[in-house]
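Asker: Just the structure for this:
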Amino acid sequence: MSSEKSVSRRDFLVASGVAATTVAFSASSYARVIGANDRIRMGFIGAGGMGSGHIAACLALKDKDNLEFLGVCDCWKTRADEGAAKLSTKAFTDYRKLLESDVDYVTIATPEHWHSQMTIDALDAGKAVYVEKPMTHTIPQAQAVMKKAKETKRPLQVGVQAMSDDSYASAGEAIKRGVIGKVVQAQIEYVRRYDKQGPWRDPAVSDSTAQPADLDWNAWLGHAPKVDWNPHHYYEWRNYSRYSGGICTDLFIHRITRIMKACDLLYPRRVVGMGGIWQWPDGRDLPDNFEMICEYPRGMTVYVLGTMSNRVGIDHLIRGYRGTLYFTGSGWVAKDKDGKVLEQHEKTGGEDIHLHHTNLHRHLREGTPLNCPIDLGMAGVVAVNMANESWRSSTMMGWDAKAEKMVAASTLSLGHEPEEE
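Answerer: Sure, this is the predicted structure:
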């Protein structure tokens, strides 16, 4: 769900204060082949909350993973300077200038509405990319990123860090072996309980909060609708559909990706999203309580709960005809209908940003498979965007596989038997 408007490339560059010539990357800027012992050169785009987390994690990995830092970029110069100081490197306010350097890969940790353009520009510059979840704000943007990645053949890791926990790949192997029989349903949640301020509100921010003198507001907006400085939009952007998908794209993407990995799922057939702005009607245009159900062609549904008003969760599990697979803090256990243990797994790894970066480093050096590659990132974007559109339009959404787009499910001829095994 997005209210963004399309703009020309020239308008986009003007809004960002950048001349068109600065995006014409030369062949010499394309990434080198990285040897097993070569130092990996990194850059960071976005130095806010999540961006600072990436900076801290990679600083901790500097010696172990043999890293070099070539720059930190943020359109708020103070943040860029602070991030660069932590790494003893250069500060940038224009990410294209960072892409002109000799970085091997960049981490993109910005509001969602910027993910696609920055990722495409980085791939065009020959850089590998670690882009925070969701991979993009919209489905067409994800398709554009997918196309560009195929053209450039550059690696892309999506920041769903739980994919560096081997529980989900291991569960997938067990399911393929028939441990719990034919899978018919899965459930998972992301629940929180916020205080009176509500989800993603900052009590320090008010209508009168001034724009930082060294923040380029037009650059931050990018291709989003142009508005005057709004502190709530800047500091609390997850509450507004022009920049984010809210609960679905910020939280559900973590959960649905786990189930997709374990059950070998890609695009859903039908999706329903339900919820509302039930507790904090404070100007936000995204729900504060939300649920979604996805139906997949193999013949199963996935239910995701997301209340922000109550932290009591539900079991994370996958139901099969022969038994049920329960995810636990230490891995998973599969039991039959009488509670007999069929199989269990003690996990390695975890939901850890350090492990997720190291996985990308090993991919660049050794070809180790990425834990959250672009096809998984794309599938997650499709599912959560269909749920948000269902909520917005009060319509069950379907995936038109031929046209590769979401449509009203009632316009498709969908049967009631599995389409694939």
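
Asker: Tell me how far residue 345 lies from residue 315.
Answerer: 16 Å (C-beta to C-beta, to the nearest Å). From N, CA and C alone the C-beta is placed, and that goes for glycine too.

Asker: Between these two, point out the one with more neighbours.
Answerer: Neighbours per residue, other C-beta atoms under 10 Å: of residue 345 and residue 315, the larger number sits with residue 345, 20 against 11.

Asker: Residue 227 - how many residues pack around it?
Answerer: 10.

Asker: Return the helix or strand in the chain with minimum mean pLDDT.
Answerer: Between all helices and strands in the chain, the lowest mean by mean pLDDT, DSSP states H and E belongs to helix 9-15, at a mean of 35.

Asker: contacting residues around whichever helix or strand comes after that helix?
Answerer: Counting by DSSP states H and E, the element after helix 9-15 in chain order, helix or strand, is strand 40-45. With contacts defined as C-beta atoms under 8 Å, 6 or more residues apart in numbering, strand 40-45 is touched by 34, 51, 54-55, 58, 65-74, 83, 87, 95, 98-99, 101-110, 118, 122, 127, 361, 364-365.

Asker: Could you measure from the nearest residue to residue 280 once chain neighbours are set aside over to residue 239?
Answerer: Spatial nearest neighbour of residue 280, excluding adjacent residues (C-beta to C-beta, 6 or more residues apart in numbering): residue 198 at 3.3 Å. Applying C-beta to C-beta, the value for residue 198 to residue 239 is 8 Å.

Asker: try residue 377
Answerer: Applying C-beta to C-beta to residue 377 and residue 239 gives a distance of 23 Å.

Asker: and if you look at residue 214?
Answerer: Distance from residue 214 to residue 239, by C-beta to C-beta: 25 Å.

Asker: Can you get me the start-to-end distance on stretch 63-77?
Answerer: 28 Å (C-alpha to C-alpha, to the nearest Å).

Asker: can you give me the offset of stretch 49-65 from its chain's centre?
Answerer: Centre-to-centre, stretch 49-65 and its host chain are 18 Å apart (C-alpha atoms, centre = their mean, to the nearest Å).

Asker: who's in contact with that stretch?
Answerer: Residues contacting stretch 49-65 (C-beta under 8 Å, 6+ apart): 40, 42, 44-45, 47, 67, 69, 72, 74, 79, 83, 86-87, 107, 109-110, 130, 132, 353-354, 357-358, 361.

Asker: If we go by neighbour counts, what in it is buried?
Answerer: Within stretch 49-65, the residues scored as buried using 16 or more other C-beta atoms under 10 Å are 50-52, 54-55, 57-58, 61, 65.

Asker: thinking residue 149 is in contact with residue 122, fair?
Answerer: No - the pair residue 149 / residue 122 is not scored as a contact, 10.4 Å apart, by C-beta atoms under 8 Å.

Asker: next SSE after whichever strand or helix holds residue 376?
Answerer: Assigned by DSSP H and E, residue 376 falls within helix 374-393. Past helix 374-393, further along toward the C-terminus, the next helix or strand under DSSP H and E is strand 397-400.

Asker: List the strands paired with the next helix-or-strand element following that following strand, with their directions.
Answerer: Next along the chain after strand 397-400, taking DSSP H and E as the criterion, comes strand 405-408. Take DSSP bridges as the rule and strand 405-408 pairs in its sheet with strand 397-400 (antiparallel).

Asker: out of residue 377 and residue 239, which sits in the more crowded spot?
Answerer: A direct count of neighbours by other C-beta under 10 Å for residue 377 and residue 239 places residue 377 higher, at 28 against 23.

Asker: just to revisit the earlier point, just the buried residues of the helix holding residue 376, please?
Answerer: Within helix 374-393, the residues that count as buried by 16+ other C-beta under 10 Å are 374, 376-392.

Asker: Report the separation between residue 289 and residue 124.
Answerer: Counting by C-beta to C-beta, the gap from residue 289 to residue 124 is 40 Å.

Asker: what do you get for residue 192?
Answerer: Counting by C-beta to C-beta, the gap from residue 192 to residue 124 is 38 Å.

Asker: Compare neighbour counts for these two and give me the winner.
Answerer: residue 124 (18 against 14).

Asker: Just list the residues touching the residue most central in space within the chain, thanks.
Answerer: Compute the mean C-alpha point of the chain, and by C-alpha atoms, centre = their mean the closest residue is residue 133, 1.3 Å away. Applying C-beta under 8 Å, 6+ apart, we find residue 133 in contact with 158-160, 249-250, 253-254, 257, 377, 380.

Asker: between those, which is nearest residue 266?
Answerer: residue 380 (9.8 Å; C-beta to C-beta).

Asker: Do you know the pLDDT at the closest one?
Answerer: On pLDDT, residue 380 comes in at 98.

Asker: Pretty sure it sits against residue 136.
Answerer: No - between residue 380 and residue 136 there is no contact under C-beta under 8 Å: 10.0 Å.

Asker: Quote the end-to-end distance of stretch 118-132.
Answerer: 11 Å.

Asker: same question, stretch 359-372
Answerer: OK, stretch 359-372 end separation, C-alpha to C-alpha: 10 Å.

Asker: Now tell me what touches that stretch from outside.
Answerer: 34-36, 38, 40, 61, 65, 67, 104-105, 128, 130, 155-160, 163-164, 257, 356.

Asker: tell me which element residue 52 is part of?
Answerer: Judged by DSSP H and E, residue 52 forms part of helix 49-60.

Asker: Name the next helix or strand following that helix along the chain.
Answerer: Next element after helix 49-60 (DSSP H and E): strand 67-73.
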